[in-house]
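Visitor: Any chance you can model this:
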Amino acid sequence: MNHHILFAGIFAMSLWAASAAELPKLDRQPKPGVYALTNTSNYVTSNGKRVNLFDLPVDGVTNYTTWRMVQPEEGAIRYPGLDRMMGEAVASGKYLSYGILAGIHTPDWVYEKGKIPRFLVDPNRKWHSYLPWIEVNGKRKLNTPFLNIWNETVKAFAARLYADPHRDRINYVPVTGFPFGNGLELYVPLAEPEFRALRYDGEARRLYVEFCCRVIDIFVEHLPDFPLGIAFTDWYGTGPKGHIRDVTESAAILDYAIRKGRLKGVTIVPMGLWMGWKGICDNPAHPLMRTWLSRSRQAGSGAWEGQMGSCRLKCLPLAEQLELAERHKAVWVQLWHHDCLCPECVAVLEAYRARKGASAK
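Guide: Below you'll find the model as predicted:
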């Protein structure tokens, strides 16, 4: 165990606890706008120089870090870049979102402590993840060993956010911990051989949905005063004819999250991860859009995330993406930092913010 990290964490927590009475109130509302999305703790370089994403024409930054970086060892906990980025958010008058990715980013000690089998999700990159179930005497049962460990990690993360003197600068917290991918999206992104090995039958589907609902319970319990974003897609395995496109599981999990949010007074924000793709975000009849539109209405708000490398791929022009997001009342959109730095995109974002600022006056 790294005792320096542990001591630093305890010391910092004691300082935050001492000033708890002075902490700002939380309104449970997302902060609308356009956000730069990164996994670099806001340490992006361009032409050999660091670019502070808060200086771009955006309303804030969303940062994804990995569970391995947060808890490299059991008992050692840190939040890379969080203090600095919060300071940058305050200095710029903007907002920060911060999420911990599990899935393929789960540290080794978790598997060892919980005696959790690893499932190979990508043989080429040697990526493993946990499954929603474990097998006991030949029968599948919910993977509660993982859920118990993840609960403690989220509990500690929640304590850190609640104690932050600038906690009202948090836009939302991504719900993470879902299996198979990076723990962020609701999906089963497996190639055909791995999907076949999974034996994804009716029982597996039921356990997958139940597992994801229990993950949502963890975030609702520990972070009820922050908007909770739930990212979803429609990729549920791969068959002989290619990717299997279905929204059944995502819809069921979102429905549960919305009901739970209403019951507990928690803000749930369904987030579509397909902003920019022609034929989806510009087509209200597409199954993903139908799911997003209906669940966003039920939840009270919805959000979009753009495709990484959107400006280089065959995606809709950024101006059109933003217009569609505004038309469909997406409370926020987040664009990968690559797509906030290109000169053409910066010009679009500047014009968009100028227009929004003028209309708000």
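Visitor: who touches the helix ranked longest in the chain?
Guide: Secondary structure of the chain read by DSSP state H shows that its longest helix is helix 202-222. Contacting residues not belonging to helix 202-222 are listed as 132-133, 140, 142-143, 147, 150-151, 154-155, 157-158, 173, 175-179, 186, 188, 198, 200, 228, 230, 248-249, 252-253, 256-257, 260-261, 264, 266 [C-beta atoms under 8 Å, 6 or more residues apart in numbering]. For every residue, glycine as well, the C-beta is placed using N, CA and C.
Visitor: next SSE after that helix?
Guide: Counting by DSSP states H and E, the next helix or strand C-terminal to helix 202-222 is strand 228-239.
Visitor: relative orientation of that following strand and helix 202-222 in degrees?
Guide: 160 degrees (axes from the mean of the first three to the mean of the last three C-alpha atoms, to 10 degrees).
Visitor: Which parts of strand 228-239 count as buried, going by neighbours?
Guide: Residues of strand 228-239 classed as buried by neighbour count (16 or more other C-beta atoms under 10 Å): 228-238.
Visitor: quick one, helices of the stretch 151-300 of the chain?
Guide: For the stretch 151-300 of the chain, applying DSSP state H, counting those that start in this stretch gives helices covering 192-198, 202-222, 248-264, 287-299.
Visitor: Look up how far V188 lies from P123.
Guide: 16 Å (C-beta to C-beta, to the nearest Å).
Visitor: So which of those two has more stuff around it?
Guide: Shown here are P123 and V188; by other C-beta atoms under 10 Å, V188 has more neighbours (26 against 10).
Visitor: That one reaches Y236, doesn't it?
Guide: Yes: assessed by C-beta atoms under 8 Å, V188 is found in contact with Y236 at 4.8 Å.
Visitor: For L131, list the residues it contacts.
Guide: L131 sits next to 117, 119, 143, 179, 198 when contact means C-beta under 8 Å, 6+ apart.
Visitor: Quick one, which of these are buried?
Guide: The neighbour count (16+ other C-beta under 10 Å) marks 119, 143, 179, 198 as buried among the contacts of L131.
Visitor: Please report how far the third one lies from D201.
Guide: This means P179. Relative to D201, P179 is positioned 16 Å away (C-beta to C-beta).
Visitor: about what we covered before: in strands, which of the contacts of L131 appear?
Guide: Among those, the ones falling in strands (DSSP state E) are F119.
Visitor: how about the contacts of L131, which pair is most distant?
Guide: N143 and L198 (13.7 Å; C-beta to C-beta).
Visitor: Now flag whichever of the contacts of L131 is closest to R84.
Guide: Distance to R84, by C-beta to C-beta, is smallest for P179 among those, at 31.1 Å.
Visitor: what are the phi and psi angles of the closest one?
Guide: Main-chain dihedrals, P179, degrees, to the nearest 10: phi -80, psi 170.
Visitor: and if you look at K139?
Guide: The phi/psi pair for K139 (degrees, to the nearest 10) reads phi -120, psi 140.
Visitor: Next one: L37 from E185, what distance?
Guide: Per C-beta to C-beta, L37 is found 14 Å from E185.
Visitor: Ignore what I typed, I meant F219.
Guide: Here F219 is placed at a distance of 15 Å from E185 (C-beta to C-beta).
Visitor: Show me which of these two is the more surrounded one.
Guide: Set F219 next to E185 and count neighbours by other C-beta under 10 Å: F219 wins out with 27 against 21.
Visitor: Return the distance of that one relative to V266.
Guide: Taking C-beta to C-beta, one finds F219 at 8 Å from V266.
Visitor: what's the overlap in contacts for these two?
Guide: Common contacts of F219 and V266, defined by C-beta under 8 Å, 6+ apart, comprise L228.
Visitor: What is the neighbour count of E344?
Guide: 12.
Visitor: Double-check that it belongs to a helix.
Guide: Yes: under DSSP: H, G, I helix; E, B strand; the rest coil, E344 sits within a helix.
Visitor: got the contact list for it?
Guide: 311, 318.
Visitor: repeat for C345
Guide: C345 neighbours (C-beta under 8 Å, 6+ apart): 311, 318, 335, 339.
Visitor: can you tell me which two in these are farthest apart?
Guide: C311 and L335 (9.1 Å).
Visitor: Common neighbours of those two, please.
Guide: In contact with both C311 and L335: 318, 345, using C-beta under 8 Å, 6+ apart.
Visitor: Same drill for those two, tell me which one is more crowded.
Guide: L335 (29 against 21).
Visitor: for that one, helix, strand, or coil?
Guide: Under three-state DSSP, L335 falls in the strand class.
Visitor: wait, isn't it in contact with L53?
Guide: No: using C-beta under 8 Å, L335 and L53 do not qualify as a contacting pair, with a distance of 10.4 Å.
Visitor: which residues do those two both contact?
Guide: With C-beta under 8 Å, 6+ apart as the test, L335 and L53 both reach A36.
Visitor: so can I have JSON lines of the buried ones among the contacts of L131 showing distance to P24?
Guide: Below are the buried ones among the contacts of L131 laid out as JSON lines (distance: C-beta to C-beta, whole Å):
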{"residue": "F119", "distance to P24": "42"}
{"residue": "N143", "distance to P24": "37"}
{"residue": "P179", "distance to P24": "35"}
{"residue": "L198", "distance to P24": "45"}
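Visitor: what's the closest of these to G60?
Guide: Of all those, P179 has the smallest distance to G60: 29.0 Å, by C-beta to C-beta.
Visitor: in stretch 240-254, what's buried?
Guide: By neighbour count on 16+ other C-beta under 10 Å, the buried set for stretch 240-254 is 243-244, 246-247, 249-254.
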